[in-house]
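[1] just the structure for this:
(one chain, ligands or ions: 2)
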Amino acid sequence: MASSFKDICPVDVGPVYEGERIRGKDMQLEFGGPNVKYKFELVQVRDAKEIEDGKVSVVGPDIKDLQQGGSYPLGILVEVAGAQVEKDLEGVLERRIHEFTNYIEGVMHLNQRYDIWIRVSQSSFKKGLNSLKYVGNVLARLYKAEFPIIEKIQVTYITDPEKVKEMYEKALKIYEARDARARGLRDEDVEEFYGCVLCQSFAPTHVCIITPNRVSLCGSINWFDARAAARVDPKGPNFKVEKGELLDPVVGEYSGANAAAKEKSLGEVTRVYLYSMFGHPHTSCGCFEAIAFYIPEVDGVGIVDRNYQGPAVNGLPFSTMANQTGGGKQVEGFLGIAIEYMRSPKFLQADGGWNRVVWMPSYVKERVLDAIPENLRDKIATEKDVSSTAELKEFLKAKGHPVVEHWKAVEAPAAAEATAEGEAEMTVPELAIPVEGVPAIGGGIQLIFKNVKIRADKLIIKRVEKSKK
Ligand code: SF4
Ligand code: ZN
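    Residues are numbered from 1 along each chain as shown. Ligands and ions are numbered 1, 2, ... in the order given. Model (predicted):
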């Protein structure tokens, strides 16, 4: 493969470079990333007559014009046309920018959409990779090779800060429109789900199960996108997943999703809960937009996104938790998610959903505010309210967050003073309950309460020694 790019790019190109990491000290420069606000990548389907096939342009300063070691804004616009190229394909085509850019020796691409981060290594720069045009040439060729339905393609890199900013606003609206489309649909309404294994090059056992209520964790492929991709490119990374039997509607376990995960992870993952971060949570690769993490001190869930600087409320920064979460594993209590998943009516449904969320960065809260139930909005803390789990505990108590009720429920029986409602099941190996007029009973008995209501001012359980009988 490498040789076929010699005419259009001064460095090697091939999947072998995909996992390459470029550290800060080795980079010539970077585009996007945490130091840059305005950055995006966008694929748009156009009319054939609007596109000059193979044209690659750079609007603003190019790699060679920019200072070594700097971080710069960047917008990537890939425009495609073809009789069979539908608008629905934009999302999945866009996701491939990540893969194709990573094929280039000495170029690293991370994340997606409005969150991209691209580094060019000094060594590739020295070999002549001094223009984004080379990167665009490679992209155009790879797209056409991979998707024969693309008849025309043109790639534009925008580095002019003003223009990036202007286009960024437009791009956000386009992403929002794509996301909004899937919001009206429920998992129960569709005949089949879809999957994606594009990230297996980094996380070999990772399989995304994409449903209307569970957008992929990278946030860039929803159910419609995956469906469109599976149709035009059945041998590609997106595939249909038969729903099979709904084994558990609360945790979101489907026999078909289990089977697909098992097959595509080569037996590594056999069960997947779509709506829970416990038990058998969905695997996480590395490109999740945010992490949902369990906070045992308050029995709640925190959310931290990729752009959050500094330690989260549990004292761990995003990067540390990302290492723990990612790599294609199922890690109970740590789950990679898309920001959009927080808008899902099935968001962590089995774990209590929003009732369990106790902390998140203020700007993320702002962004999803309309999805947070109104009665919880002031009860979820941010970095502006608390900076440790001890402070968080006080905050939740003061605000009357629903998890506080849960603490009481857990603490009360330990103190043997309880008011229990609903169904309770209790197993006591050695128990004696002296009741007036009834002799005390002893030995291995079991009491099972079902659908009972117990109200008592005080409940005293005393062990009666056998010798006293
Ligand atoms: Fe595909 Fe999932 Fe990776 Fe997104 S995170 S590219 S949906 S495998
Ligand atoms: Zn990934």
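
[2] all contacts plus neighbour counts: C-alpha atoms, from now on.
    Will do.

[3] get me the contact residues on the stretch 151-300 of the chain for ligand 1.
    Contact residues (CA under 6 Å from any ligand atom) of the stretch 151-300 of the chain with ligand 1: Cys196, Val197, Leu198, Cys199, Val207, Cys208, Ser216, Leu217, Cys218, Ile221, Cys287.

[4] can I get those residues in CSV with neighbour count?
    Output for those, formatted as CSV (neighbours: other CA atoms under 10 Å):
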residue, neighbour count
Cys196, 23
Val197, 21
Leu198, 19
Cys199, 21
Val207, 29
Cys208, 28
Ser216, 29
Leu217, 28
Cys218, 25
Ile221, 29
Cys287, 22
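
[5] can you give me the helices for the stretch 201-350 of the chain?
    223-232, 255-264, 318-325 (DSSP state H, counting those that start in this stretch).

[6] now do the stretch 1-150 of the chain
    Counting by DSSP H, counting those that start in this stretch, the helices of the stretch 1-150 of the chain are 90-102, 122-126, 132-146.

[7] ok, back up a step: narrow the residues of the stretch 151-300 of the chain next to ligand 1 to those in strands?
    Among these, the members falling in strands (DSSP state E) are Cys196, Cys208.

[8] for the closest residue to Asn222 other than its chain neighbours, grab phi and psi.
    Spatial nearest neighbour of Asn222, chain neighbours left out: Val215 (4.7 Å); criterion: CA to CA, 6 or more residues apart in numbering. Backbone torsions for Val215, taken as degrees, to the nearest 10, come to phi -70, psi 160.

[9] contacts only, for the residue most central in space within the chain.
    Nearest to the mean C-alpha position of the chain, counting by CA atoms, centre = their mean, stands Ile337 at 2.1 Å. Ile337 is in contact with Ser216, Leu217, Cys218, Gly219, Phe288, Glu289, Ala290, Ile291, Ala292, counting by CA atoms under 8 Å, 6 or more residues apart in numbering.

[10] pretty sure Pro345 sits against Asn213.
    Yes - assessed by CA atoms under 8 Å, Pro345 is found in contact with Asn213 at 7.0 Å.

[11] for the longest helix along the chain, name the packing helices and strands.
    Determined from DSSP state H, the single longest helix within the chain is helix 161-183. If you count contacts as 3 or more CA pairs under 8 Å, 6 or more residues apart in numbering; DSSP states H and E, helix 161-183 packs onto strand 39-45, strand 74-81.

[12] from the chain's centre, how far out does it sit?
    Relative to the chain's own centre, helix 161-183 is displaced by 19 Å; criterion: CA atoms, centre = their mean, to the nearest Å.

[13] for Asp225, give its distance to ligand 2.
    16 Å (CA to the ion, to the nearest Å).

[14] Val364 too?
    To ligand 2, Val364 is 21 Å away according to CA to the ion.

[15] that residue: which element?
    According to DSSP states H and E, Val364 maps onto helix 362-368.

[16] and for the following helix or strand past that helix, what's in contact with it?
    Heading C-terminal from helix 362-368, the first helix or strand you meet, by DSSP H and E, is helix 389-399. Residues outside helix 389-399 that contact it (CA under 8 Å, 6+ apart): 297-298, 313-314, 358, 378-381, 385-386, 403-404.

[17] keeping just the C-alphas, turn helix 389-399 into PDB.
    What follows is helix 389-399, C-alpha atoms only, in PDB (Å, rounded to 0.1, in the frame of the first residue of the first chain):
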ATOM      1  CA  THR A 389     -16.100  13.800  47.600                       C
ATOM      2  CA  ALA A 390     -16.400  15.000  51.200                       C
ATOM      3  CA  GLU A 391     -17.600  18.400  50.000                       C
ATOM      4  CA  LEU A 392     -19.800  16.600  47.500                       C
ATOM      5  CA  LYS A 393     -21.400  14.600  50.200                       C
ATOM      6  CA  GLU A 394     -22.400  17.800  52.100                       C
ATOM      7  CA  PHE A 395     -23.600  19.400  49.000                       C
ATOM      8  CA  LEU A 396     -25.900  16.500  48.100                       C
ATOM      9  CA  LYS A 397     -27.300  16.400  51.600                       C
ATOM     10  CA  ALA A 398     -28.000  20.100  51.700                       C
ATOM     11  CA  LYS A 399     -29.700  19.900  48.300                       C
END
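
[18] name the residues of that helix that are buried.
    Thr389, Leu392, Lys393, Phe395, Leu396 (16 or more other CA atoms under 10 Å).

[19] and if you look at stretch 178-187?
    Within stretch 178-187, the residues scored as buried using 16+ other CA under 10 Å are Arg178, Asp179, Ala182, Arg183, Asp187.

[20] and what of stretch 137-152?
    By neighbour count with 16+ other CA under 10 Å, stretch 137-152 contains the buried residues Asn137, Val138, Leu139, Ala140, Arg141, Leu142, Tyr143, Ile149, Ile150, Glu151, Lys152.

[21] torsion angles phi and psi at the closest residue in space to the last one that isn't next to it in sequence?
    Counting by CA to CA, 6+ apart, Asp53 is the residue found nearest to Lys152 once chain neighbours are left out, at 4.7 Å. Backbone torsions for Asp53, taken as degrees, to the nearest 10, come to phi -60, psi 130.

[22] remind me which residues of the stretch 51-200 of the chain are low pLDDT?
    Within the stretch 51-200 of the chain, no stretch has pLDDT under 70.

[23] closest residue of it to ligand 2?
    Distance from ligand 2 to each residue of the stretch 51-200 of the chain (CA to the ion) is smallest for Cys199, at 4.4 Å.

[24] so that residue makes contact with Phe288?
    No - with contact defined as CA under 8 Å, Cys199 does not reach Phe288; the gap is 10.9 Å.

[25] hmm, back to that, so which of the helices and strands packed on helix 161-183 is nearest Ala226?
    For the helices and strands packed on helix 161-183, proximity to Ala226 was assessed by CA to CA; strand 39-45 is nearest, at 15.2 Å.

[26] contacts for that closest one next, please.
    With CA under 8 Å, 6+ apart as the test, strand 39-45 has contacts from 31-32, 73-81, 85-87, 90-91, 93-94, 112-116, 164-165, 168, 171.
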